[in-house]
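Trainee: have a look; sequence and predicted model below, questions after that.
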Amino acid sequence: MYWRRIIVLIVVLAFAQLIIFNNIYAAETQKETKGENARSKLENKIVSKEENDKPKFIGFVDENRDGINDKFQDLNGDGINDVTKEKYKHLFKFIDKNKDKINDLFTDKDGDGVNDLGTEPLEQDKKDELNINVVDFNKDGINDITGLKYKRKDIKDVKDLMGYRYGIVEEERKKIYEKFIDEDGDGMHDPIARRLRF
């Protein structure tokens, strides 16, 4: 009988040890999970901030081939997309000296992300180094609307801002084409494409 009590005692102790071990393991796992969750939240926060700073390219879509972007336009340069009525990130200021409710510094009739008022670098203040005639909030040299690269400083060549590439406004020549021709549907005025050999 004595050995049965010993076996029962060993089984009870083993069972108790198993319960204790499971509790310790569960507590450790919970700690690790909390730590991983906290780390994951922090990483997600960092990624989210980076993602927020990165523009999401809108693109230039012109289904009816009228030379105006179907997804984006800012006629008065107020920093609000006229198509979606949503604000978009930009670097230009809104200055309206003549009180006509149109920005004296920036407008975008064709919605290609390039300033219709010209391509000369705008100096909003003495610290500006970048040409702000392109919607490029994160200053990476890529047009936030079309996704096209452009030269960021020392604009010298007609092709530097890529304003000729889409839409009814050829910003480099300050010309608006009332009769827009785009037979191949590439978003570019065909006579410009012929002139520039595209």
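Mentor: That came through fine. Numbers count the residues shown, from 1 in each chain.
Trainee: drop to CA atoms for contacts and neighbour counts, all remaining ones
Mentor: Fine.
Trainee: let's verify Gln17: helix, strand, or coil?
Mentor: What DSSP: H, G, I helix; E, B strand; the rest coil gives for Gln17 is helix.
Trainee: give me the pLDDT for it.
Mentor: With respect to pLDDT, Gln17 has a value of 72.
Trainee: from Arg5, how far out is it?
Mentor: For Gln17, the distance to Arg5 equals 18 Å [C-alpha to C-alpha, to the nearest Å].
Trainee: how about low-confidence regions in the chain?
Mentor: 1, 12, 15-16, 18, 21-55, 119-131, 152-159 (pLDDT under 70).
Trainee: mind listing the strands for it?
Mentor: Assigned by DSSP state E, the strands in the chain fall at 169-170, 175-176.
Trainee: partner strands of the first one and their direction?
Mentor: Okay, so that is strand 169-170. When sheet partners are counted by DSSP bridges, strand 169-170 sits next to strand 175-176 (antiparallel).
Trainee: in the sheet, who's paired with Val134?
Mentor: When assigned by DSSP bridges, Val134 has beta-bridge partners Val114.
Trainee: burial count for it?
Mentor: Val134 is flanked by 30 other residues according to other C-alpha atoms under 10 Å.
Trainee: thought it was touching Asn143?
Mentor: Yes. Under the criterion of C-alpha atoms under 8 Å, Val134 makes contact with Asn143 at 6.2 Å.
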